[in-house]
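Trainee: what follows is a protein structure lacking sequence information:
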């Protein structure tokens, strides 16, 4: 069974809702994000995205061709991918604008300092590389679009 993370988006943030945005400027719509769903990198200000980070595994003992997590639900991805090895990490460059990536996992983390919940999407670039997408800030800045 696929894991679903419901979120609220303003209609103005979705392409199909753009035409309705004038009529229902204050309305919202619930969108179900699913493992395997596509996210497009959208608006980028400056040279990098503010809410998107790219993590490339540069050394590992894992067999990345055989995922050690539930690929249908995304459960266990964070611990499997990030628990060991070395990483090259950077903000996602604006040159990636317009590209789409599949959601491979969704996690909620509690910030140790503030106690705030941070919802994160993990997007697959390739078997060595994932994009860490802070969902709230990315939506607020129009950095991502959900591909229908």
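Mentor: Yep, that arrived. Keep in mind it's a predicted model, so treat the numbers as computed, not measured. Numbers count the residues shown, from 1 in each chain.
Trainee: what bridges to residue 53?
Mentor: For residue 53, the beta-bridge partners are residue 91, residue 132 (DSSP bridges).
Trainee: would you confirm that it contacts residue 132?
Mentor: Yes. The criterion here is Cβ atoms under 8 Å, and residue 53 meets it with residue 132 at 4.5 Å. No exception for glycine: its C-beta is placed from N, CA and C like everyone else's.
Trainee: all helices of the chain, in order?
Mentor: Counting by DSSP state H, the chain has these helices, from start to end: 77-82, 135-140.
Trainee: excluding its backbone neighbours, what's nearest the spatially most central residue of the chain?
Mentor: Centroid-nearest residue in the chain: residue 121, 3.1 Å away (criterion: Cα atoms, centre = their mean). With sequence-adjacent residues excluded and distances taken as Cβ to Cβ, 6 or more residues apart in numbering, residue 121 is closest to residue 133, at 4.2 Å.
Trainee: and if you look at residue 67?
Mentor: residue 80 (7.0 Å).
Trainee: return the distance of that neighbour relative to residue 104.
Mentor: 11 Å (Cβ to Cβ, to the nearest Å).
Trainee: give the bridge partners for the residue nearest to the centre of the chain, please.
Mentor: residue 106, residue 133.
Trainee: that one against residue 33, yeah?
Mentor: Yes. Between residue 121 and residue 33 there is a contact at 7.1 Å, judged by Cβ under 8 Å.
Trainee: need the overlap of contacts for those two.
Mentor: 103, 106 (Cβ atoms under 8 Å, 6 or more residues apart in numbering).
Trainee: ok, residue 70 - contacts?
Mentor: Counting by Cβ under 8 Å, 6+ apart, residue 70 touches residue 76.
Trainee: thinking again about what came up before, what's the neighbour count on the residue nearest to residue 67?
Mentor: Around residue 80 there are 16 other residues, counting by other Cβ atoms under 10 Å.
Trainee: check what pLDDT it gets.
Mentor: In this model, residue 80 is scored at 93, pLDDT.
Trainee: and it, how far from residue 69?
Mentor: Taking Cβ to Cβ, one finds residue 80 at 4 Å from residue 69.
Trainee: what is the burial count for residue 133?
Mentor: 25.
Trainee: try the one 5 residues further on
Mentor: Each residue near residue 138 was counted by other Cβ under 10 Å, and the total is 24.
Trainee: how about the nearest residue to it, chain neighbours excluded?
Mentor: The shortest distance from residue 138 to any residue that is not its chain neighbour, by Cβ to Cβ, 6+ apart, is 3.9 Å, and that residue is residue 51.
Trainee: cool, thanks, talk later.
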